[in-house]
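Asker: Generate coordinates for the sequence data below:
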Amino acid sequence: MVQDVVGDDRKAATVKREPAGGEAARPGDLAGPDEPASGTTQEPEPEPAGDRDSAGVPGTTGPELILWLHRGLSVAAVMGLVVGTRGFWQANAMSRPWLALVLTGAYLTMLVAAVIALCASRHRVLARLDVGVLVTAIVIKTVAAWPGVSGAKDLTVDEGILMDAASRALAKGANPYTSSWPGIEPALPTQLMDGRTVFDFGYPPLGVEFGAVFERLFPSMAGIVLVAWLAVFATAVFVFVVAPRPLRPIATLGVLGLGTLAGYADNAYPSVIALPFLCVALWGWPKIGREGRLGRYGLLRAAALGAACSIHQLGWFLALFLVVGLVMLRLGELGLARTCTLLLRYGGTALAVFFLSSLPFVVKSPHAWLTGVFEPLLQHAVPHGQGLMGITHYIIGGSAALDMYGHATIALLVALLAAFALHQRTLGPAVAVLPWTIFMVSTRSQDGYWLLTMPLWLVPLVTTTRADFANAFRINLPQRKAVTAALFVPAAALFLIAVVTPQPLDFEVRTPVVAGQNLPELTVEVTNVSGEPVSPNFSVATGATIASFWTIKAGPATLPAGATETYTLVPKTKTFKIPAEGLTILRVVSDAPQTLSSVRLTG
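Answerer: Below you'll find the model as predicted:
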């Protein structure tokens with residue numbers, strides 16, 4: 001158990017007195033295996049000059065070091081409370097002064113907590129302090145959440161807007177999978193390679209089902225935003241409770257203190273709502289199915305995984321790694337037949353929860369439900385994100401083989417699953433990180449795919465040890481390192497093909513484009529230098545995102561291989577102003593095959 005490694009506050013057979021007249025440890029405080037029997041004292045051994053006294057830090061081993069590190073984590077958690085607090089105070093000082101006063105009280109709490117953390121001599125004191133710091137963090141984030149939850153602050157991303165619209169529609173009895181909301185701000189929605197824009201609901205339904213319940217209970221509030229914030233608080237509390245006491249401050253710091261999740265919760269990202277369920281699914285997961293019995297805790301974890309998969313598609317990728325991991329963990333212990341039986345019960349429970357939450361929509365509109373649930377994986381959205389796709393998008397400017405990024409993503413997923421199986425004893429603790437690395441080579445490689453899952457990293461850290469994976473089934477292979485490296489060759493090759501393939505279109509801009517002036521129309525001569533016909537969709541981008549497509553006023557819908565045509569383009573709005581500074585780029589995308597071509601207009 002993790003508690004054995006870090007020394008949780010459990011009753012110990014031995015205690016040790018604090019040096020330099022400190023208070024003796026009591027049952028429940030940490031004690032090391034080499035300490036004297038209860039009620040006895042031991043003279044400290046002489047230390048070399050320049051050791052811990054001169055350095056001002058505890059010894060390198062034993063309970064003193066653990067207490068010192070616990071104090072350090074508690075101080076770090078207190079420091080994490082400051083992140084964003086001034087912004088929250090300024091936002092409420094005039095309009096809602098009572099909330100600002102609450103934050104002033106939180107500042108005072110921080111100072112007192114810091115004094116206690118630095119001076120505490122026992123884990124019991126720090127444990128109580130950590131609870132207070134967690135409560136303070138929740139209070140601060142509640143103040144931050146209030147404008148969004150009360151509806152005073154608008155959602156600013158299309159994911160949240162669609163989640164909010166879908167939950168409100170469901171609360172009124174409408175089917176979110178057969179509805180559409182084209183009134184979204186045109187700069188926000190996801191654009192597709194074929195020129196379409198996403199205005200419909202494209203996630204599993206459980207998140208909006210929760211949102212609909214809160215919409216009915218609190219009609220004056222933004223129910224889906226409330227659900228997202230409650231999910232963040234539940235995640236923090238869960239990680240705090242399951243962690244051994246010396247590590248509990250990282251729950252406050254990692255989930256609430258860094259401020260990473262605040263913006264995502266304010267915008268009701270569905271993956272935020274899935275977080276507490278994913279935490280339960282990861283909680284001590286190597287113990288699932290020991291001795292061939294799933295047990296009530298195994299059923300709970302499986303049900304939580306099914307619920308997470310019923311909220312957002314990110315859970316699907318984690319599920320693959322958990323299944324592969326459990327196969328390797330149980331195979332040597334149970335044999336193939338019993339392992340398969342166990343995995344059928346585990347997977348069956350998760351699937352039952354998944355389909356139960358979707359049952360009304362499967363019955364009423366099976367095609368719309370299926371299309372919506374798989375939409376993000378199949379929709380061919382325009383390139384965007386912070387991953388390696390940026391080499392093509394932001395540096396080179398184009399490629400006639402964007403499909404290869406998608407193929408590389410699948411190849412990388414297969415390679416990671418195989419490597420995870422081959423090296424379970426080493427990679428087992430990283431199960432909460434590996435699934436999201438595949439998005440580094442996808443065309444939609446937003447950092448949110450792994451930033452949002454960072455709280456999950458804490459769960460294996462505090463509920464598993466490397467010893468849990470020591471008996472995982474090991475496949476005996478010659479040249480294991482070479483075999484592992486070979487697994488990633490297909491993904492690397494597909495990625496390189498996407499990078500080195502040149503863009504299919506060349507441009508000659510016929511309309512003068514001047515920085516700082518309006519551009520009501522754009523005429524450009526386009527030549528297809530590739531060997532495939534291209535159906536171009538044009539966008540004038542002034543930032544990293546392809547925000548909206550321009551209308552083709554003149555020019556063919558499809559440009560044959562080797563052909564040259566003149567296109568006249570007009571913006572969706574009445575006019576389009578070129579920024580006075582920075583780059584303005586004409587981006588052209590196509591679907592089947594997926595391609596990207598670019599030409600700089602200004603900058």
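
Asker: Now do the contacts for residue 328.
Answerer: The contact partners of residue 328, by CB atoms under 8 Å, 6 or more residues apart in numbering, come to 421, 424, 472, 473. Using the backbone N, CA and C atoms, a C-beta is placed for each residue, glycine as well.

Asker: got it, and residue 597?
Answerer: 397, 398, 503, 504, 505, 506, 507, 536, 587, 588, 589.

Asker: I'd like to know how many residues surround the nearest residue to the last one once chain neighbours are set aside.
Answerer: If the residues on either side of it in the chain are set aside, residue 589 comes closest to residue 193, at 4.9 Å by CB to CB, 6 or more residues apart in numbering. Residue 193 is flanked by 24 other residues according to other CB atoms under 10 Å.

Asker: Over to residue 84?
Answerer: Residues within reach of residue 84, counting by other CB under 10 Å, total 17.

Asker: List only buried entries from the contacts of residue 597.
Answerer: Taking 16 or more other CB atoms under 10 Å as the criterion, what is buried in those is 397, 398, 503, 504, 505, 507, 536, 587, 588, 589.

Asker: The fourth one reaches residue 536, doesn't it?
Answerer: Meaning residue 504. No: counting by CB atoms under 8 Å, residue 504 does not reach residue 536; the two are 9.1 Å apart.

Asker: Now for these two: what residues contact both?
Answerer: With CB under 8 Å, 6+ apart as the test, residue 504 and residue 536 both reach 590, 597.

Asker: in the stretch 1-150 of the chain, which spans are helices?
Answerer: Secondary structure of the stretch 1-150 of the chain by DSSP state H, counting those that start in this stretch: the helices cover 2-6, 52-55, 63-80, 85-92, 97-119, 123-150.

Asker: low-scoring pLDDT stretches of the stretch 151-300 of the chain, where are they?
Answerer: For the stretch 151-300 of the chain, the stretches with pLDDT under 70 are 186-187.

Asker: any idea where the helices of it begin and end?
Answerer: Applying DSSP H, counting those that start in this stretch to the stretch 151-300 of the chain gives helices spanning 158-171, 206-217, 223-242, 249-251, 260-266, 270-282, 295-309.

Asker: Same list (the ones you listed) but as TSV, adding distance to residue 94 and mean neighbour count.
Answerer: Shown next, in TSV, are those (distance: least, CB to CB, whole Å; neighbours: other CB atoms under 10 Å):
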stretch	distance to residue 94	mean neighbour count
helix 158-171	26	24
helix 206-217	29	22
helix 223-242	23	23
helix 249-251	34	26
helix 260-266	20	22
helix 270-282	29	27
helix 295-309	40	21
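
Asker: can you give me the strands for the chain?
Answerer: In the chain, strands defined by DSSP state E lie at 384-385, 444-445, 505-509, 522-528, 537-541, 551-554, 564-570, 584-590, 595-602, listed in chain order.

Asker: Make TSV out of these and add distance to residue 311.
Answerer: As requested, these are exported to TSV (distance: least, CB to CB, whole Å):
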stretch	distance to residue 311
strand 384-385	21
strand 444-445	19
strand 505-509	40
strand 522-528	42
strand 537-541	31
strand 551-554	37
strand 564-570	40
strand 584-590	30
strand 595-602	32
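
Asker: right, and the ones you listed - which one's nearest residue 362?
Answerer: Among the strands of the chain, strand 444-445 comes nearest to residue 362, with 26.7 Å by CB to CB.

Asker: Spatially nearest residue to the most centrally placed residue in the chain, not counting backbone neighbours?
Answerer: Closest to where the C-alpha atoms of the chain average out (CA atoms, centre = their mean) is residue 452, at 2.3 Å. Leaving aside its sequence neighbours, residue 452 sits nearest to residue 271 (CB to CB, 6+ apart; 4.8 Å).

Asker: where in this protein is pLDDT low?
Answerer: Applying pLDDT under 70 to the chain flags residues 1-61, 186-187.

Asker: Residue 276 reaches residue 236, doesn't it?
Answerer: No: the criterion here is CB under 8 Å, and residue 276 misses it with residue 236 at 9.2 Å.

Asker: of the contacts of residue 328, closest to residue 465?
Answerer: Set against residue 465, the nearest of these by CB to CB is residue 472 (13.1 Å).

Asker: Got phi/psi on that closest one?
Answerer: Torsion angles at residue 472 (phi, psi; degrees, to the nearest 10) stand at phi -60, psi 150.

Asker: next one: residue 152
Answerer: According to degrees, to the nearest 10, the main-chain angles of residue 152 amount to phi -70, psi -20.

Asker: okay, now it: neighbour count?
Answerer: Residue 152: 11 surrounding residues under other CB under 10 Å.

Asker: and what of residue 528?
Answerer: Using other CB under 10 Å, residue 528 is surrounded by 24 other residues.

Asker: Next one: the closest residue to it other than its chain neighbours relative to residue 285, how far apart?
Answerer: Excluding the flanking residues, the one nearest residue 528 by CB to CB, 6+ apart is residue 559, at 4.5 Å. Taking CB to CB, to the nearest Å as the measure, residue 559 falls 52 Å from residue 285.

Asker: could you measure residue 145 against residue 263, distance?
Answerer: Going from residue 145 to residue 263 by CB to CB gives 11 Å.

Asker: try residue 453
Answerer: With the distance defined as CB to CB, residue 453 ends up 15 Å from residue 263.

Asker: Please tabulate the buried ones among the contacts of residue 597 in CSV and include distance to residue 245 as additional columns.
Answerer: Shown next, in CSV, are these (distance: CB to CB, whole Å):
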residue, distance to residue 245
397, 54
398, 55
503, 57
504, 60
505, 61
507, 63
536, 61
587, 53
588, 58
589, 53
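
Asker: for those residues, which one is nearest residue 87?
Answerer: Of all the buried ones among the contacts of residue 597, residue 587 has the smallest distance to residue 87: 33.7 Å, by CB to CB.

Asker: looking at the sheet around the closest one, what are its partners?
Answerer: On the basis of DSSP bridges, residue 587 is bridged to residue 539, residue 598.

Asker: List the residues that contact it.
Answerer: Going by CB under 8 Å, 6+ apart, residue 587 touches 538, 539, 540, 541, 546, 596, 597, 598.

Asker: Among those residues, give me the pair with the biggest separation.
Answerer: Pairwise distances across the contacts of residue 587 peak at 14.5 Å for 540 and 596 (criterion: CB to CB).

Asker: the more surrounded of those two?
Answerer: A direct count of neighbours by other CB under 10 Å for residue 540 and residue 596 places residue 596 higher, at 26 against 21.

Asker: centre of the chain versus stretch 363-382, how much separation?
Answerer: For stretch 363-382, the gap between its own C-alpha mean and the chain's C-alpha mean amounts to 21 Å (CA atoms, centre = their mean, to the nearest Å).

Asker: which residues make contact with it from outside it?
Answerer: Applying CB under 8 Å, 6+ apart, the contact partners of stretch 363-382 are 175-178, 190-194, 198, 200-205, 313, 358, 361-362, 443-444, 546, 589, 591, 594.

Asker: Check stretch 559-570 too.
Answerer: With contact meaning CB under 8 Å, 6+ apart, stretch 559-570 is reached by 505, 510, 520-536, 538, 540, 550-556.

Asker: Residue 590 reaches residue 537, doesn't it?
Answerer: Yes: counting by CB under 8 Å, residue 590 touches residue 537, with 6.6 Å between them.

Asker: so what's residue 167 up against?
Answerer: Residue 167 neighbours (CB under 8 Å, 6+ apart): 176, 207, 208, 209, 210, 211, 212, 214, 215, 223, 224.

Asker: ok, 7 Å please
Answerer: Counting by CB atoms under 7 Å, 6 or more residues apart in numbering, residue 167 makes contact with 208, 211, 212, 215, 223, 224.

Asker: Contacts only, for the fourth one.
Answerer: If a contact means CB under 7 Å, 6+ apart, then residue 215 has 167, 168, 171, 223 as its contacts.
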